[in-house]
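# return a 3D structure for these sequence lines:
(2 chains)
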Amino acid sequence: MKMNATRRKRGAWTSWYLLFLFQFVAVLWPPYYNKIEPSWMGVPFFYWYQLLWVAISALITAVIYLATDD
Amino acid sequence: MQEVNWIALSIFALLFGFITWLGFAAARWRKGDLDLLHEWGLGGRRFGTIITWFLLGGDLYTAYTFIAVPALAFGAGAVAFFAVPYTILVYPFLFLVFSRLWQVCHKHGYITAGDFVRGRFGNRWLALAVAITGLVATMPYIALQLLGIQVVIGALGISGTGLAADAPLIIAFVVLAAFTYSSGLRAPASIAIVKDVLIYITAIAAIIVIPAQLGGFGKIFAAVPTAKLLLAVPAARTTGAYGAYATLALGSALALFLYPHSLTAILSANSSRTIRRNAAILPGYSFVLGLLALLGFFAIAAGVDKLPEYAAGFKQFGNNFAVPALFLNSFPSWFVGIAFAAVGIGALVPAAIMSIAAANLYTRNIHREFINKNPTDKEEAQMAKWVSLIVKVGALVFILFVPTQYAIQLQLLGGIWIIQTLPAVMLGVYTRWFNSWALLLGWAVGTFGGTAMAISVHLTPAYPLTFGGYTLPGYTAFYTLILNLIVSIMLTPVFNAASAQRVPLDATVAADYQT
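Have a look, this model is predicted:
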């Protein structure tokens, strides 16, 4: 009973959600990634950097899901 | 135009025949009483993680997106890649805001954003504004899906004048209308699985086969003019292309799930947990979209716009012909058939969901609210089925008789309009602090101000805001959302003071938003 009473309600705020901020910072500042080098297999930085962040953001979301789901 | 490509056309027709059968058969899938609106219009809210992944993926990443984003890369270059940060940033909102919205909608049987706003703020006029905005923003979006079909049909070599040229599109439309009417949301849900598998196959094949033909990514990017390869570095005293890129991505991300078809797919999930899981796995589609955006550069490197056999296609469809021409140029005919079917079927899934979403809005927030207050369940579902047909006829007439450019411009305006429902819907999920009349005025100022701003820049996405000697070009929808919020926040205390109504008319309680 006690466990249930203290359990966080799903949907309530948790500081895990702050992890979401990383992707906003990473992709909303174009001066940082608007460049050719370092290119990767002929693909300019601009393109592979943003594609890489698709994968990173999915991982971050997965971590948040696993950390907050009970 | 080039000759009819019979092999590609046969495969295209075969796959189309298959999904037609599937669309009708879907009525019996996870069987429910289709005379109930939530069964017809939300698939009975029964879809689990995997089906929701296919359905939302098929719904959000539309055929038009797969044509238009590479076309933008082909024509304008790096700016087209805003689709990637855009589709990264949508998922925190899906995870946080829309899983909560699912909870409260499930608890109260809400089917549309208008239903939620009606319950949360107790103001049917605000709900009407949300519903009409959804309807008006959805219509040109459906028309653009039909445009996606039109482009691939043209690329298959079917041309002519008058009815003969339009016949395939009309057939596709009749198929779409018939299975949506009979099976409701179950039809696009089952077809989405086929569509997404085809899209993934096509994207992976394109990203492996075409660079090999063109001599590798290094050669492809070397063929792209320098001006298109990166965003233009802003001059002094302006945020230039950087500000436009970032606000386009963020504004589009804020707007996406406000579209009625997005919410319809979200609400058809069986739990808010399904929604949160999907926020982690849907980026798979974002990755494919990013890869497909690169097809625009492949098309530049292959020089398809300079080949005489595709000149007529480019003349008719403009840069939207870049991807179909690239496929024709790079793939054997049988695979062209598969790739084009992916686009064609890819158009039917969102078009079906959009028409269902529009039908739900009209039925719940206009007809039931203002015309027939006490329909039976069956009358309500029947009304929605008819409205879904009317909406599609409207879209078909639009695409057949109105120049394409208008559909594209209206869809651009649609983004500005739909984002004005954000304060009531997305902030409404967290707070009822706002006065509903202040929200309505904020919506009006955002909608009409945004439309005027967009017209003043000749219906291009970015508005050059000037501020203390600086020019800040940014996505008009984003700027007008801020305007809307300022009006809503400033007027809330004013309306509260003027109103005798002290008790909030909120049909929901805090616990409804959590599991």
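
# nearest to chain B: which residue in chain A?
Residue nearest to chain B within chain A: residue A:42 (3.0 Å; CB to the nearest CB). C-betas here are computed from N, CA, C, even on glycine.

# how far does the lengthiest helix in chain A sit from its chain's centre?
Taking DSSP state H as the assignment, the helix of chain A that covers the most residues is helix A:45-68. How far helix A:45-68 lies from its chain's middle: 5 Å, per CA atoms, centre = their mean, to the nearest Å.

# for chain A, list the residues in contact with chain B, please.
Residues of chain A lying close to chain B by CB under 8 Å from any CB of the partner chain are A:9-12, A:17, A:20, A:23-24, A:27-31, A:34-36, A:39, A:41-44, A:46-47, A:50-51, A:53-55, A:57-58, A:61-62, A:64-65, A:69.

# could you pull out the helices in the stretch 351-500 of chain B for me?
Under the criterion DSSP state H, counting those that start in this stretch, the stretch 351-500 of chain B contains helices at B:377-401, B:404-419, B:422, B:436-456, B:476-498.

# which of these sits most buried?
For those, the largest average neighbour count (mean count of other CB atoms under 10 Å in any protein chain shown) is found in helix B:422, namely a mean of 23.

# where's residue B:242, which helix or strand?
helix B:240-256 (DSSP states H and E).

# again but with residue B:174, I slipped
Residue B:174 belongs to helix B:163-183 when elements are defined using DSSP H and E.

# who's in contact with that helix?
When contacts are defined by CB atoms under 8 Å, 6 or more residues apart in numbering or on different chains, helix B:163-183 is touched by residues B:16, B:20, B:23-24, B:26-27, B:34, B:146, B:149-150, B:153, B:158-159, B:187-188, B:344, B:348, B:351-352, B:355-356, B:385, B:388-389, B:392-393, B:396, B:399-400.

# so which of the residues you listed are in strands?
Within those, membership in strands is found for no residue, as judged by DSSP state E.

# buried among those? Make that a ChimeraX selection.
What follows is the ChimeraX syntax selecting those of these that are buried according to 16 or more other CB atoms under 10 Å in any protein chain shown:
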select /B:16,20,23,26,27,34,146,149,150,153,158,159,187,188,344,348,351,352,355,356,385,388,389,392,396,399,400
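
# filter the contacts of helix B:163-183 down to the ones near chain A?
Checking the contacts of helix B:163-183 against chain A by CB under 8 Å from any CB, not one of them is in range.

# any regions of chain A where pLDDT drops low?
Counting by pLDDT under 70, chain A shows low-confidence ranges at A:1-11, A:70.

# in chain B, which helix or strand is least confident?
When the helices and strands of chain B are scored by mean pLDDT, DSSP states H and E, helix B:163-183 comes last with a mean of 84.

# so for it, what gets flagged as buried?
Applying a neighbour-count criterion of 16+ other CB under 10 Å, one finds B:166, B:168-169, B:172-173, B:175-177, B:179-183 buried in helix B:163-183.

# is it true that residue B:73 touches residue B:292?
No. Counting by CB atoms under 8 Å, no contact exists between residue B:73 and residue B:292, whose distance comes to 9.1 Å.

# compare the two (neighbour count), which wins?
Counting neighbours by other CB atoms under 10 Å in any protein chain shown for residue B:73 and for residue B:292 shows that residue B:73 has the greater number, 28 against 24.

# and the nearest residue to the more buried one once chain neighbours are set aside, which helix or strand is it part of?
Nearest non-adjacent residue to residue B:73, counting by CB to CB, 6 or more residues apart in numbering or on different chains: residue B:296, 2.8 Å away. Assigning secondary structure by DSSP H and E places residue B:296 in helix B:295-302.

# from the contact counts, what lies against the helix or strand following that helix?
From helix B:295-302 onward toward the C-terminus, using DSSP H and E, the following helix or strand is helix B:311-317. Under the contact definition 3 or more CB pairs under 8 Å, 6 or more residues apart in numbering or on different chains; DSSP states H and E, helix B:311-317 sits against helix B:124-155, helix B:322-330.

# who wins for proximity to residue B:509 among those?
The stretch from the helices and strands packed on helix B:311-317 with the least distance to residue B:509 (CB to CB) is helix B:124-155; that distance is 19.0 Å.

# what's the average pLDDT for the helix or strand hosting residue B:12?
Taking DSSP H and E as the criterion, the element that holds residue B:12 is helix B:6-25. Along helix B:6-25, the predicted local confidence has a mean pLDDT of 90.

# kindly report the same for stretch B:379-395.
The average pLDDT within stretch B:379-395 is 90.

# can I get stretch B:45-54 as CSV, trimmed to CA atoms?
Extracted in CSV, the C-alpha atoms of stretch B:45-54 (Å, rounded to 0.1, in the frame of the first residue of the first chain):
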residue,chain,number,x,y,z
ARG,B,45,-9.0,2.8,-30.0
ARG,B,46,-7.5,-0.7,-30.2
PHE,B,47,-4.2,-0.3,-32.0
GLY,B,48,-1.0,-1.4,-30.2
THR,B,49,2.5,-0.2,-30.5
ILE,B,50,3.4,-1.8,-33.9
ILE,B,51,0.2,-0.9,-35.7
THR,B,52,0.3,2.6,-34.3
TRP,B,53,3.9,2.9,-35.5
PHE,B,54,2.8,2.0,-39.1
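
# how about it: buried residues?
With burial defined by 16+ other CB under 10 Å, the residues of stretch B:45-54 counted as buried are B:45-47, B:49, B:51-54.

# now chain B against chain A: closest residue?
Distances from chain B to chain A, computed as CB to the nearest CB, single out residue B:218 as the nearest residue at 3.0 Å.

# residues contacting the residue most central in space within chain B?
Compute the mean C-alpha point of chain B, and by CA atoms, centre = their mean the closest residue is residue B:60, 5.2 Å away. Under the criterion of CB under 8 Å, 6+ apart, the contact list for residue B:60 reads B:90, B:256, B:262, B:265, B:282, B:285, B:350.
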